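*Asks:* Take a look and give me a structure for this.
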Amino acid sequence: MEEITLSSEFMDVAACPKCHSGLAIDYDNSELVCINDDCGLCYPIKNQIPVLLVEEARKKND
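*Replies:* Residues are numbered from 1 along each chain as shown. Next up is the predicted model:
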């Protein structure tokens, strides 16, 4: 598995496209996870590129 290296500058401005809350890195699943529990979408990171599309996301408990 490739190590995720997203800049702190990116993480400072990254937001969930659905609810606009912040995102956290889930290193185990290579995802960015919305920090809003009511939303809870997980966005994949593919080849070091976050795919911030709601239609590509999954719910946290899926």
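
*Asks:* where do the strands sit along the protein?
*Replies:* Counting by DSSP state E, the chain has strands at residues 23-26, 31-34, 41-46, 49-50, 58-59.

*Asks:* Please identify the most buried of the ones you listed.
*Replies:* Among the strands of the chain, strand 31-34 has the highest mean neighbour count (mean count of other Cβ atoms under 10 Å), at a mean of 23. All C-beta spots, glycine's among them, are computed from the backbone N, C-alpha and C.

*Asks:* contacts for that strand?
*Replies:* 14, 16, 18-19, 21-26, 40-45, 50, 52, 60 (Cβ atoms under 8 Å, 6 or more residues apart in numbering).

*Asks:* can you give me the mean pLDDT across it?
*Replies:* What strand 31-34 shows for mean pLDDT is 97.

*Asks:* What does the pLDDT read for residue 45?
*Replies:* 96.

*Asks:* Give the closest residue to it in space, chain neighbours not counted.
*Replies:* residue 30 (4.8 Å; Cβ to Cβ, 6 or more residues apart in numbering).

*Asks:* What is the burial count for the one you found?
*Replies:* 17 (other Cβ atoms under 10 Å).

*Asks:* swap in residue 17?
*Replies:* With other Cβ under 10 Å as criterion, residue 17 counts 16.

*Asks:* Now that it has come up, it's in contact with residue 51, right?
*Replies:* No. Applying Cβ atoms under 8 Å as the test, residue 17 and residue 51 come out as separate, 10.3 Å apart.

*Asks:* hang on, the earlier thing: ok, the residue nearest to residue 45 to residue 51 distance?
*Replies:* According to Cβ to Cβ, to the nearest Å, residue 30 and residue 51 sit 11 Å apart.

*Asks:* Brilliant, that's me finished.
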